[in-house]
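In: give me the fold of what follows.
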Amino acid sequence: MPSDRSFTNYIKNRFYDSIYPAVDDFVEQNWEGFDQRISNVRCAGDLACDLDDFQIIGVAAHQKNEMPNPLSDPLVPYIYKKDLEKEALKFLERYHPEALKTPMAVEPSKLAEQMWLQREQSGHSLT
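Out: Below you'll find the model as predicted:
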């Protein structure tokens, strides 16, 4: 992915030739009363294979509040202040349920392992 970490730019640069005709066809078929600035392109692909299996599932007019778990452009989930406690509980239930039974410090390396993440050591140290 590009160094600017923009998923939108990555998809646009890599798959423009696939996305543009799909959106163009949708707009042409639904042009009456359609706001051309806003459309959703539903896609599927596996990040583990660098989206080599990318496919367009469909194109639709954007519906406000349609996505249940929206992500920011660098693919970070939006979590509203009112939902922080609920999201923290869901996270602990999934990755560290024992911390819900007994108060304890959560060891980052153990947590990363339970999340199937690999730790990378940087050359920086805290002093």
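In: tell me the phi and psi of the nearest residue to residue 69 once chain neighbours are set aside?
Out: Distances taken as Cβ to Cβ, 6 or more residues apart in numbering place residue 77 nearest to residue 69, at 6.3 Å, with adjacent residues excluded. (Glycine included, C-beta is placed from N, CA and C.) In terms of degrees, to the nearest 10, the main-chain angles of residue 77 are phi -60, psi 140.
In: check contacts around residue 77.
Out: 69, 70, 71 (Cβ atoms under 8 Å, 6 or more residues apart in numbering).
In: bridged to it, which residues?
Out: Taking DSSP bridges as the rule, residue 77 bridges to residue 71.
In: tell me how far it lies from residue 71.
Out: According to Cβ to Cβ, to the nearest Å, residue 77 stands 6 Å off from residue 71.
In: equivalent analysis for residue 49, please.
Out: 20 Å.
In: same question, residue 118
Out: 22 Å.
In: more neighbours: these two, which one.
Out: A count of neighbours by other Cβ atoms under 10 Å puts residue 71 above the other of residue 118 and residue 71, at 11 against 7.
In: can you check the pLDDT for the more buried one?
Out: Note for residue 71: predicted pLDDT of 80.
In: now do residue 92
Out: 92.
In: with residue 3 instead?
Out: 55.
In: same deal with residue 107?
Out: 87.
In: for the lengthiest helix in the chain, packing partners?
Out: Counting residues, the longest helix found in the chain (DSSP state H) is helix 7-29. Contact partners of helix 7-29 among helices and strands, from 3 or more Cβ pairs under 8 Å, 6 or more residues apart in numbering; DSSP states H and E: strand 39-44, strand 55-61.
In: quick one, it and strand 39-44 angle?
Out: With axes from the mean of the first three to the mean of the last three Cα atoms, to 10 degrees defining the directions, helix 7-29 sits at 120 degrees from strand 39-44.
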